[in-house]
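Novice: Got a predicted structure here, sequence first:
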Amino acid sequence: MATQYYFCSQCQKKYPTHQKLFDTLYEFSKAAPEDCLACGVVRELHITLDFPLGAGDTDFKVVSAFLPDKLESWLGEEEEEVTLYPFLVVLQRAGDRKQFCWMPYWHVTGKEAKYGQHAVCLDHRQFESLIGQIWGKARDQEEEFELV
Ligand SMILES: [Zn+2]
């Protein structure tokens, strides 16, 4: 599982989060991290991935994190409500500033957040290519409807 820490680029100081990754990403999706206690600059959120992402180091700055406006919930085993939290996280590799789109997800039941192991992580361009095809298809279909 990936681990995370806050980083002040001014002081070059790492701050451990003492939090679960889910909580850290959730907070980051809602608001910017707190300022550095020493210099007042906004701290960066960094993630160290435990899986290889091409060549290069495994340290990434979290550029942004998003959740859908509406989350899906359903009744799971033992009639407990389960909510899916599918994140879209834009990561920037420390070495070459290349960006990736990482989609980790959790199933949250009560207070427990279960990590989905098979998160997709794509090169930013590959991700844009996929999303672009959705829009392209939607546009084509609209045009077809207009022709009818
Ligand atoms: Zn600082």
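Specialist: All right, it came through fine.
Novice: Report how many residues lie close to the closest residue in space to residue 88 that isn't next to it in sequence.
Specialist: Of all residues beyond its chain neighbours, the one nearest residue 88 is residue 66 (4.6 Å), with distances taken as Cβ to Cβ, 6 or more residues apart in numbering. Where C-beta positions appear, they are placed from N, C-alpha and C, glycine not excepted. One way to gauge burial is a neighbour count; for residue 66, by other Cβ atoms under 10 Å, it gives 13.
Novice: same question, residue 97
Specialist: Other residues near residue 97 come to 9 when the count uses other Cβ under 10 Å.
Novice: can you start the count at 13 instead of 1 from here on
Specialist: With 13 as the first residue, the last one maps to residue 109.
Novice: is it true that it lies in a helix?
Specialist: No - Residue 109: not assigned to a helix; according to DSSP: H, G, I helix; E, B strand; the rest coil it is coil.
Novice: Distance-wise, check it relative to residue 119.
Specialist: Spatial separation of residue 109 from residue 119 under the definition Cβ to Cβ, to the nearest Å is 33 Å.
Novice: Over to residue 24?
Specialist: Counting by Cβ to Cβ, the gap between residue 24 and residue 119 amounts to 37 Å.
Novice: Can you check the distance spanned by stretch 79-90, start to finish?
Specialist: Using Cα to Cα, to the nearest Å, the span of stretch 79-90 from its first residue to its last is 27 Å.
Novice: Tell me how far that stretch lies from the chain's centre.
Specialist: Computed by Cα atoms, centre = their mean, to the nearest Å, the chain-centroid distance of stretch 79-90 equals 18 Å.
Novice: List of residues touching that stretch?
Specialist: Stretch 79-90 is contacted from outside by 38, 41, 93, 94, 95, 96, 97, 98, 99, 100, 119, 121, using Cβ atoms under 8 Å, 6 or more residues apart in numbering.
Novice: and for the strand or helix carrying the first one, what are the contacting residues?
Specialist: The one in question is residue 38. Using DSSP states H and E, residue 38 falls within helix 33-42. Around helix 33-42, the neighbours that count as contacts under Cβ under 8 Å, 6+ apart are 13-16, 29, 45, 57, 59, 74, 77-79, 97, 99, 101, 116, 118, 120, 125, 127.
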